[in-house]
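Asker: Kindly generate the corresponding structure for this input.
(one chain, ligands or ions: 1)
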Amino acid sequence: MKVAILGIDGYIGWALAMRLAEHGKNVIGVDSFYTRKRVKEVGSDSLLPITTLDERLKTFEERSGKKIEFAGGDVNDPDFMLEFVKKERPDAYVHLAEQRSAPYSMIGLTQARETLIQNMGGTINLVYAMKEYTPDAHLLKLGTMGEYGTPNIDIPEGFFEIDYKGRHDRLPFPKSAGSWYHWSKVHDTNNLMFANKVWGLKITDVMQGVVYGTRTKEITKYGIPTRFDFDEVWGTALNRFCTQASIGIPLTAYGKGEQRRGYLSLEDSITCLELGLDKPPKTGEYRVYNQFDEHYSINELTALVAERGEKIFGRHIDVSHIDNPRVEQDQHYYNPEHMKLKELGYKPSRNLYEDIDEILADVNDNRERALKYRDCIMPKTVWRKSISK
Ligand SMILES: NC(=O)c1ccc[n+]([C@@H]2O[C@H](COP(=O)([O-])OP(=O)(O)OC[C@H]3O[C@@H](n4cnc5c(N)ncnc54)[C@H](O)[C@@H]3O)[C@@H](O)[C@H]2O)c1
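Answerer: Numbers count the residues shown, from 1 in each chain. Presented below is the predicted three-dimensional model:
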C-alpha cells in the first residue's frame, strides 16, 4: 500500500511514518515546515531536539534499512497538490498538514484568516486532486474532538438519530467549536461530507482527542524523537505541566481546571491510524471515529504530574490557578462515545498513568532547553482580546 502522509515532519506525522514504513508500507511524506517556522516565531522550539527532516529520513534509513520518500511543498498550493497526486497516485492519504494551534488562531485577524484559509484550502485542494487522479483512494483526515465542544448531552461518533416534530432522521451531530482552529476543522468536516456525497470519495474523518507522549516503539527502537512543544501557543496543557514540573515552577491550570477532554497516547494514536488504513471504508462511505481512550480534567492532570514529578525529582511541586485566557466552560458534562475503533479491533495499549514517568524523564533530559525558552510558557494569547488587524 502506498500511503501519502501530509504533515510528515510533525508530532504525529513523524511517528506514523516510521510505524508504517516499519510495517512494510510504501510511505511518501509532504511537508512545508510550517510548524517549525511558526514555533520559532513565538520564541520557542521543540523541547526534544529534532534534526532536519532530511537528517531524520537518512538516519531512519541507515538504522532500519527502510526508505521513506519525501516531497517538499504546501498542501494549500493547488498546483502543488494536483501535481503531487497526479505523479504519486497513492492508495491512501493521511492528512495531518494543518495549522493545529487553537491559541495561534486566536492571536488576531491575521492568524484567524491564515488558519481558516490554509486549513480549508489544503483539504479542498486534496479532495479535488483525489477526485481527478485517485478517486478510489482512501482519505484519513485528522479532525479533533474539539469540533463537538462540550454539549450537555452525550456526544456520538459523528452522527445521531433524532426525532423532530413527528419525523425521524440520522443527522450530523451539531458542532460547537471553541476557537477559529476548531471551527476550521468543522468546516473541513462539512466539506469532506460534501466531497463524499458528490464524488463518492472514501473518507475517514478522525475526531482525535489530545495526544500525549514522547515514545513509540519505533522512536525507542531507532532513537529518532518526534517534536514536543510546550509554549503557550503550540504546547498542550499536559506538555506545559510536565515542563513546569521539570524546571521547578508551579503548574498553571487555567480557570477552575474542571475542563475535561479526551486523551490518548501517541503510540495508540498511530496504531488507530494504521488500523483505519488497513480497514478502509467501503466504496462511497464517509465515516467518523472519535479517537481517544480516557478523559481527564485539567485538575486531574496537574495532580498526576505533581505527584509523579515530586516522586521523580524529589521536591515539592505547586499548582496554581490563573485567569483563563480562553473562552470556555471550565465546569461541564462530558461523555463522548468511542466504540467504532474498538469494533474494528483496536485495543488500547497505554494509559497516561503508565506513560507519565517516561514523558517526565524525557522532558527532564532536556531541562536546559526548557530553561532557555521558559518565558514562552505563561499565556499571552487572550481569546477576548484577539486583535483586529
Ligand atoms: N497532536 C494532537 O494532540 C492533536 C489532537 C487532535 C487533532 N490533531 C490534528 O492532527 C494533525 C497533526 O497534529 P500534530 O500535533 O502532528 O501537528 P504538527 O503541527 O506537529 O504537524 C503538522 C505538520 O504539518 C505541516 N503542515 C502544516 N500546514 C501545512 C501545509 N499547508 N502544507 C504542508 N505541510 C503543512 C507542519 O509543518 C507540520 O510538520 C493536525 O491536523 C492536528 O490538528 C492533533
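Asker: those helices in the stretch 1-150 of the chain, which residues are they?
Answerer: All helices of the stretch 1-150 of the chain, identified by DSSP state H, counting those that start in this stretch, fall at 11-22, 34-41, 53-64, 78-88, 102-105, 109-133.
Asker: what comes into contact with the second one?
Answerer: Residues outside helix 34-41 that contact it (C-beta atoms under 8 Å, 6 or more residues apart in numbering) are 9-10, 45-46, 74, 97, 99-101, 104, 227, 229, 231, 233-234. Yep, even glycine has a C-beta here, placed from its N, CA and C like the rest.
Asker: Pull out the buried positions in it.
Answerer: 34, 35, 36, 38, 39 (16 or more other C-beta atoms under 10 Å).
Asker: likewise stretch 172-192?
Answerer: 173, 175, 177-189, 192.
Asker: mind putting the helices of the stretch 1-150 of the chain in CSV, mean pLDDT and distance to the ligand included?
Answerer: Output for the helices of the stretch 1-150 of the chain, formatted as CSV (pLDDT from 0 to 100; distance: least, C-beta to the nearest ligand atom, whole Å):
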stretch, mean pLDDT, distance to the ligand
helix 11-22, 98, 4
helix 34-41, 98, 4
helix 53-64, 98, 8
helix 78-88, 98, 8
helix 102-105, 98, 9
helix 109-133, 98, 5
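Asker: tell me the most buried of the ones you listed?
Answerer: Among the helices of the stretch 1-150 of the chain, the stretch with the highest mean neighbour count (mean count of other C-beta atoms under 10 Å) is helix 11-22, at a mean of 25.
Asker: Identify the residues contacting it?
Answerer: Helix 11-22 is contacted from outside by 3, 5-8, 27, 29, 31, 50, 56, 60, 64, 66-68, 94, 96-97, 142, 211, 216-219, 222, 224, 226-229, 266, 269-271, 273-274, 277, using C-beta under 8 Å, 6+ apart.
Asker: Restricting to C-alpha, output that helix in PDB.
Answerer: What follows is helix 11-22, C-alpha atoms only, in PDB (Å, rounded to 0.1, in the frame of the first residue of the first chain):
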ATOM      1  CA  TYR A  11       4.500  15.400  16.000                       C
ATOM      2  CA  ILE A  12       2.100  12.600  14.800                       C
ATOM      3  CA  GLY A  13       3.400  12.500  11.200                       C
ATOM      4  CA  TRP A  14       7.000  11.500  12.000                       C
ATOM      5  CA  ALA A  15       5.900   8.800  14.400                       C
ATOM      6  CA  LEU A  16       3.300   7.500  12.000                       C
ATOM      7  CA  ALA A  17       5.800   7.500   9.100                       C
ATOM      8  CA  MET A  18       8.200   5.300  10.900                       C
ATOM      9  CA  ARG A  19       5.400   2.900  12.000                       C
ATOM     10  CA  LEU A  20       4.000   2.500   8.500                       C
ATOM     11  CA  ALA A  21       7.500   2.100   6.900                       C
ATOM     12  CA  GLU A  22       8.400  -0.400   9.700                       C
END
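Asker: neighbours around the closest residue to the ligand within the stretch 1-150 of the chain, how many?
Answerer: Across the stretch 1-150 of the chain, the shortest distance to the ligand (C-beta to the nearest ligand atom) belongs to residue 10, at 1.9 Å. Counted with other C-beta atoms under 10 Å, residues neighbouring residue 10 total 24.
Asker: Now do the contacts for the closest residue to residue 388 other than its chain neighbours.
Answerer: Leaving aside its sequence neighbours, residue 388 sits nearest to residue 109 (C-beta to C-beta, 6 or more residues apart in numbering; 5.5 Å). Going by C-beta under 8 Å, 6+ apart, residue 109 touches 386, 387, 388, 389.
Asker: gap between residue 109 and residue 277?
Answerer: With the distance defined as C-beta to C-beta, to the nearest Å, residue 109 ends up 38 Å from residue 277.
Asker: residues in this structure within reach of the ligand, list them.
Answerer: Proximity of the chain to the ligand, by C-beta under 6 Å from any ligand atom, involves residues 7, 9-13, 30-35, 74-76, 96-98, 100, 118, 122, 142, 144, 208, 210-211, 227, 236.
Asker: List only buried entries from these.
Answerer: 7, 9-13, 30-32, 34-35, 74-76, 96-98, 100, 118, 122, 142, 144, 208, 210-211, 227, 236.
Asker: Those residues in strands, which ones?
Answerer: 30, 31, 142, 144, 208, 210, 211 (DSSP state E).
Asker: With pLDDT added, can I get the residues you listed in CSV?
Answerer: Formatted as CSV, these follow (pLDDT from 0 to 100):
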residue, pLDDT
30, 99
31, 98
142, 98
144, 98
208, 98
210, 98
211, 98
